[in-house]
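[1] mind looking at a prediction? Sequence and model below.
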Amino acid sequence: MLYLLFLLAHLFAALIFIGTVFFEVLILASLHQQLPARVMLLVEQGIGRRARALMPWVLLVLFGAGLGMLWLRYLPALAAPSSSSFGALLTLKLILAGSVLMHFLLTMLLMRRRRASAAYLRFVHLSLFCHMVAIVLLAKGMFYLTW
């Protein structure tokens, strides 16, 4: 039962985080050509404020529940990750998840110090987008790919 709670929390947090990244990369970025610069600045500032308030909590749930799932069910697969396709894919997924966390922490630090440029934020959003696509593919592939 505890595993199910961790799984549901992890999935909902992933939906929020991935949905936010997809929105910023696929929708918000394309609005730059359609909206005046002043309006776009206000939209980005508003979304940024909300994201900075919400995302730390979302990531806390996402990573906390993920670690709970790992502890309850998947720790043996990491004892020898190269001995199974599941363990190898899980290890790769965890490396990417760690990279996502590092992206987030570094970005929060740079924003707090007011050193996060618009170009850097575009790069981070695109990088997170690629990470998210890979993590979702790995999450599904762990259960269906074997070698």
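    Yep, that arrived.
[2] please count neighbours and contacts with C-alpha atoms only from this point.
    Fine.
[3] which residues of this structure fall in strands?
    Along the chain, no segments are classed as strands by DSSP state E.
[4] would you map the helices across this structure?
    2-22, 37-69, 75-79, 85-112, 118-144 (DSSP state H).
[5] ok, L137 to C130 distance?
    Separation of L137 from C130 (C-alpha to C-alpha, to the nearest Å) stands at 11 Å.
[6] which neighbours do the two share?
    Common neighbours of L137 and C130 are not found (criterion: C-alpha atoms under 8 Å, 6 or more residues apart in numbering).
[7] S30: how many residues sit nearby?
    Burial of S30 is recorded as 11 neighbouring residues (other C-alpha atoms under 10 Å).
[8] please apply the same query to the one 5 residues further on.
    Other residues within reach of L35 by the criterion other C-alpha under 10 Å amount to 12.
[9] low-confidence bits of the protein, can you list those?
    Nowhere does the chain drop to pLDDT under 70.
[10] buried stuff in stretch 62-75?
    Using 16 or more other C-alpha atoms under 10 Å as the test for burial, stretch 62-75 gives 62-63, 65-70.
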